[in-house]
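K.L.:
Fold the following.
(one chain, ligands or ions: 1)
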Amino acid sequence: MAFELAFSGTSVAAALVALSLLWLSTRSRKPHPPGPKPKFLIGNLKDLPSKGYEWVKYAAMTREYASDVLYFTVLGTPLLVINSFEAARELLDKKGALYSSRPRLVMIKELMRYDWNLLLMSYGKTFVAQRRIVQQEFQPAVVTRLHRPVIVREVTALLSRLLATPDVGGPAMVDHFRHLTGAIIMMTTYGHQATSAKDRFIQIAEIVREHAESRPGFALVDLCPPLKYLPTWFPGASFHRQAAIERALSVRMRSEPYQDVKERMATGDVVSCLATRLLAQDDLPWEGTGLTKDEFVRDCCGDVYSAGADTAIVAMRNFVLAMILFPGVQECAQEELDRVVGRDRLPTFDDRAQLPYVSNVVKESLRWKAVSNLGVPHATLDSDEYRGGYIPKGTTVLANLYAMLHDESVYAEPDEFNPDRYAPTPAKPSGEPDPACAAFGFGRRVCPGRYFADDTLFLTMASLLHVFRIANAEGATGPGAVKDVHWSSGLVSHPSPFPAMFTPRFGAAGDVVHAAQL
Ligand code: HEM
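P.N.:
Residues are numbered from 1 along each chain as shown. Next comes the predicted model:
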């Protein structure tokens, strides 16, 4: 594990004293779930997988310790890693009330003051109130009525941009998808039309999101919280300066687009969006949160971009990669689209029921490469027991979504991209399980944006497949057509950049897209 902070001998000494006390206070005589034996003071610090692909290494440890849950202590902090659907259902779903908090995360939440954000917020009144609002706003009926028209418009705009620049290098592809998801989220949340991926609000949100997302919980101050009391001038306490910069950015991220929509409301130049709807609502559950109504609405709006933009971009990039590497899948999906949609219009949401194969491509994209391999860490609100193993209060819990979505006993040949696996067979009348039951997390923290995400992914993937043949930069497809793609660690696993080419599949493709834009 790479510490992200510089630290001096003095701060290490201070940390050691604090750790000894912590170590003594957290030792338990009860047996914990299986895992490597902890060492004095540092616990299992050296046993934790590092240097990338941690999810694969945790999955391998499950075989080594013959247990689907693994227990570690890291500098006094307990950590539980869940490697199977069954254990995730037992603990995170069925005992949701116990497993629904988030870890302390000193650097991000206490020093960067990102504690206003739902994704990282610990259980409490503000969490319950904010979660209710975000959940209501992104439930299926609201997504269908309010958000689908925005998705349709922005997906059509993406097709038009790709017709103009069919050959997209890795970074350009990210920009195309960032423009798409950013424009959808900025419009649904603030009624703001983003005209490029360089939009000012998208840019600020991106910087903040990148900082918050990169391996939260693994800065030295997270592993040894008493370090946060070191004065700013103290050798090794440079994290305070870093946190101050990021704190200011985080304030801008949630304040500037919100201020902007309120100014537009004052002049009457505004379309209905999350901010206007919430501000007009009399029964918002903000009381008891310690915030004013204005601050509460501002924070609910701020939640959406930070949790929703990058996740969808990564799912889309993984899909493009799969379409290049598995051309047979691409052809089957295009055959279905030609049959159901024809070649004189674009696919719509109403077509979905007649497009089972394309719908299964969406599912398989979320399974083949999980957007968030280790999910967002949960934390226990009280002690618990699982198969005789004691799990203390305050344990950080990682759900290894990769291990669940690549479990060979659940998904045959899990590394293959095979949408047919979801089709019913005599042996498996319901097909293999829908990966949504893990890809979007668990229990009371399950992703509230999952229906919105599913709609966005369906229309984007169906439309790209309908209009374009997707290939590598030389126009080739098949195994080996893209080499050396790596996935990053962190809350979201980004693939490294790879080039792709989007070539119109039929002569009238441009006209069809143009007609849909009118
Ligand atoms: C492919 C797209 C997406 C994936 C794979 C995804 C996945 C996830 C996962 C794994 C979690 C953590 C769940 C847990 O802690 O157990 C989560 C949380 C969350 N997601 Fe998504 N998400 C996606 C898109 C979106 C979108 C579009 C939104 C916008 C509304 C959104 C909003 C949220 C929020 C607000 C949370 C925090 C919920 C909480 O902590 O209570 N997500 N998502």
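
K.L.:
The protein against the ligand: which residues are in contact?
P.N.:
Counting by C-beta under 6 Å from any ligand atom, the residues of the chain close to the ligand are 118-119, 131, 134, 138, 303-304, 307-308, 311-312, 315, 371-372, 375-376, 378, 439-442, 445-449, 452-453. Every C-beta, even on glycine, is put in place using the N, C-alpha and C of the backbone.

K.L.:
show me what contacts Val329?
P.N.:
By C-beta atoms under 8 Å, 6 or more residues apart in numbering, Val329 lies in contact with Ala322, Met323, Val361, Glu364, Phe417, Asn418, Pro419.

K.L.:
How far off centre is the helix or strand hosting it?
P.N.:
Counting by DSSP states H and E, the element that carries Val329 is helix 327-340. Relative to the chain's own centre, helix 327-340 is displaced by 28 Å; criterion: C-alpha atoms, centre = their mean, to the nearest Å.

K.L.:
Quick one: name whatever helix or strand follows it.
P.N.:
Toward the C-terminus, helix 327-340 is succeeded by helix 356-368 as the next helix or strand (DSSP H and E).

K.L.:
could you give the mean pLDDT of that following helix?
P.N.:
Helix 356-368 shows a mean pLDDT of 98.

K.L.:
Does it pack against any helices or strands, and if so which?
P.N.:
The contact analysis (3 or more C-beta pairs under 8 Å, 6 or more residues apart in numbering; DSSP states H and E) places helix 356-368 against helix 293-325, helix 327-340, helix 436-439, helix 450-467.

K.L.:
what's the angle between it and helix 327-340?
P.N.:
Put simply, helix 356-368 runs at 150 degrees to helix 327-340, going by axes from the mean of the first three to the mean of the last three C-alpha atoms, to 10 degrees.

K.L.:
what's the following helix or strand after helix 356-368?
P.N.:
Next along the chain after helix 356-368, taking DSSP H and E as the criterion, comes strand 378-379.

K.L.:
So which residue is smack in the middle of the protein?
P.N.:
In the chain, the residue lying closest to the centroid (C-alpha atoms, centre = their mean) is Thr311, at 4.2 Å.

K.L.:
Ignoring the adjacent residues along the chain, who's closest to that residue?
P.N.:
Val371 (5.0 Å; C-beta to C-beta, 6 or more residues apart in numbering).

K.L.:
unless I'm mixing things up, that neighbour is touching Ala309, no?
P.N.:
No - with contact defined as C-beta atoms under 8 Å, Val371 does not reach Ala309; the gap is 11.7 Å.

K.L.:
Compare those two and say which is more crowded by neighbours.
P.N.:
Val371 (26 against 23; other C-beta atoms under 10 Å).

K.L.:
And the strands in this structure?
P.N.:
Counting by DSSP state E, the chain has strands at residues 69-74, 77-82, 167-168, 378-379, 384-386, 389-391, 396-399, 468-471, 500-504.

K.L.:
Tell me the residue of the stretch 101-250 of the chain that sits nearest the ligand?
P.N.:
Leu119 (4.1 Å; C-beta to the nearest ligand atom).

K.L.:
tell me the contacts of that residue?
P.N.:
Counted by C-beta under 8 Å, 6+ apart, Leu119 has contacts Asp303, Ser306, Ala307, Val376.

K.L.:
what separates it from Cys447, distance-wise?
P.N.:
To Cys447, Leu119 is 9 Å away according to C-beta to C-beta, to the nearest Å.

K.L.:
which residues do these two both contact?
P.N.:
Here Leu119 and Cys447 have Ala307 as joint contacts, going by C-beta under 8 Å, 6+ apart.

K.L.:
Okay, helices next: where are they in the stretch 51-200 of the chain?
P.N.:
Using DSSP state H, counting those that start in this stretch, the helices of the stretch 51-200 of the chain run over residues 54-64, 85-88, 125-137, 140-142, 148-164, 170-190, 200-213.

K.L.:
ok, back up a step: generate a markdown table for the helices and strands packed on helix 356-368, with distance to Ile185 as supplementary columns.
P.N.:
Putting those into a markdown table (distance: least, C-beta to C-beta, whole Å) gives the following:
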| stretch | distance to Ile185 |
| --- | --- |
| helix 293-325 | 5 |
| helix 327-340 | 26 |
| helix 436-439 | 19 |
| helix 450-467 | 9 |
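
K.L.:
can I assume Val446 is in contact with Ala438?
P.N.:
No - if you go by C-beta under 8 Å, Val446 and Ala438 don't touch, sitting 10.1 Å apart.

K.L.:
ok, those two, which is more surrounded?
P.N.:
Using other C-beta under 10 Å, the more surrounded residue of Val446 and Ala438 is Ala438, with 26 against 16.

K.L.:
Quick check: that one touching Leu405?
P.N.:
Yes - at 5.8 Å, Ala438 counts as touching Leu405 under the criterion of C-beta under 8 Å.

K.L.:
any common contacting residues for the two?
P.N.:
The contact lists of Ala438 and Leu405 share Ala370, where a contact means C-beta under 8 Å, 6+ apart.

K.L.:
Pull out the buried positions in the helix holding Val329.
P.N.:
By neighbour count on 16 or more other C-beta atoms under 10 Å, the buried set for helix 327-340 is Pro327, Val329, Gln330, Cys332, Ala333, Gln334, Glu336, Leu337, Val340.

K.L.:
Out of those, flag the one nearest to Val174.
P.N.:
Gln330 (20.9 Å; C-beta to C-beta).

K.L.:
From Phe417, how far out is the closest one?
P.N.:
Distance from Gln330 to Phe417, by C-beta to C-beta: 10 Å.

K.L.:
swap in His211?
P.N.:
His211 sits 32 Å away from Phe417, going by C-beta to C-beta.

K.L.:
ok so, going back, can I have the helix holding Val329 written out in PDB, keeping just the CAs?
P.N.:
Output of helix 327-340 as PDB, limited to C-alpha atoms (Å, rounded to 0.1, in the frame of the first residue of the first chain):
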ATOM      1  CA  PRO A 327     -16.900  -8.700 -32.400                       C
ATOM      2  CA  GLY A 328     -19.300 -11.700 -32.400                       C
ATOM      3  CA  VAL A 329     -21.300 -10.000 -29.600                       C
ATOM      4  CA  GLN A 330     -21.300  -6.700 -31.400                       C
ATOM      5  CA  GLU A 331     -22.700  -8.400 -34.600                       C
ATOM      6  CA  CYS A 332     -25.400 -10.200 -32.700                       C
ATOM      7  CA  ALA A 333     -26.500  -7.000 -31.000                       C
ATOM      8  CA  GLN A 334     -26.500  -5.200 -34.400                       C
ATOM      9  CA  GLU A 335     -28.500  -7.900 -36.000                       C
ATOM     10  CA  GLU A 336     -31.100  -7.600 -33.200                       C
ATOM     11  CA  LEU A 337     -31.200  -3.800 -33.700                       C
ATOM     12  CA  ASP A 338     -31.600  -4.000 -37.500                       C
ATOM     13  CA  ARG A 339     -34.400  -6.500 -37.000                       C
ATOM     14  CA  VAL A 340     -36.300  -4.500 -34.300                       C
END
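
K.L.:
you'd agree Phe452 is up against Gln135?
P.N.:
No - contact criterion C-beta under 8 Å: Phe452 and Gln135 do not qualify, at 11.1 Å.

K.L.:
lowest average confidence, helix or strand, in this structure?
P.N.:
helix 9-26 (a mean of 57; mean pLDDT, DSSP states H and E).
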